[in-house]
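**Student:** Need coordinates for the following:
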Amino acid sequence: MSVFKLERKQLIRCDIDTLWAFFADARNLSAITPAYMNFVITCDIPKGDVYAGQVITYKVSPLLGIPLNWMTEITHVERNKRFVDEQRVGPYKMWHHQHLFEETDKGIMMTDLVHYRLPLGILGNIAHTLFVKKQLRDIFDYRYQQIEKHFNK
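**Tutor:** Residues are numbered from 1 along each chain as shown. Down below sits the predicted model:
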């Protein structure tokens, strides 16, 4: 079974506290997710900082408008440096998403590092080649554009 990797870096001109507050609040995910995904958070998100052990549930429609349940758990948090979400229920056999924040003299270098595996063995690998890889790139391209508009005007 193949483990795939997606990595995106983006320089954001803002202070770390503002950036962290935006990304540590799951309610902001809908602002950086393409509308066609029909992304909806299906649980209560408490106000305050992200924390290890936090479970977040969503509905998404990544393929043909078919809604899927997705549950992630925040497994690691280092305030203003990184947090990790891992899928517990959802479309992937494995999903491990690191959100990394590094202060530089030009702003914050944010890195999304995702390792993922698809279900269905060889069929999942074929699906990755045919459409999953492109769809994930498109989703993260959209995310990049929305972050640019929000922070780097």
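**Student:** which residues does the most centrally placed residue in the chain contact?
**Tutor:** The geometric centre of the chain, computed from its C-alpha atoms, lies nearest to H97 (CA atoms, centre = their mean), at 6.3 Å. With CB atoms under 8 Å, 6 or more residues apart in numbering as the criterion, the residues that contact H97 are T72, V84, D85, E86, D112, L113, V114. No exception for glycine: its C-beta is placed from N, CA and C like everyone else's.
**Student:** Could you rerun that using 7 Å?
**Tutor:** Under the criterion of CB atoms under 7 Å, 6 or more residues apart in numbering, the contact list for H97 reads V84, D85, D112, V114.
**Student:** What's the biggest strand in the protein, counting residues?
**Tutor:** Scanning the chain for the strand with the most residues, using DSSP state E, yields strand 66-78.
**Student:** elements contacting that strand?
**Tutor:** In this structure, strand 66-78 packs against strand 55-63, strand 82-89, with contacts taken as 3 or more CB pairs under 7 Å, 6 or more residues apart in numbering; DSSP states H and E.
**Student:** Take those and lay them out in JSON lines including mean pLDDT, mean neighbour count and distance to I16.
**Tutor:** Compiled in JSON lines, these are given as follows (pLDDT from 0 to 100; neighbours: other CB atoms under 10 Å; distance: least, CB to CB, whole Å):
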{"stretch": "strand 55-63", "mean pLDDT": "90", "mean neighbour count": "17", "distance to I16": "22"}
{"stretch": "strand 82-89", "mean pLDDT": "97", "mean neighbour count": "17", "distance to I16": "12"}
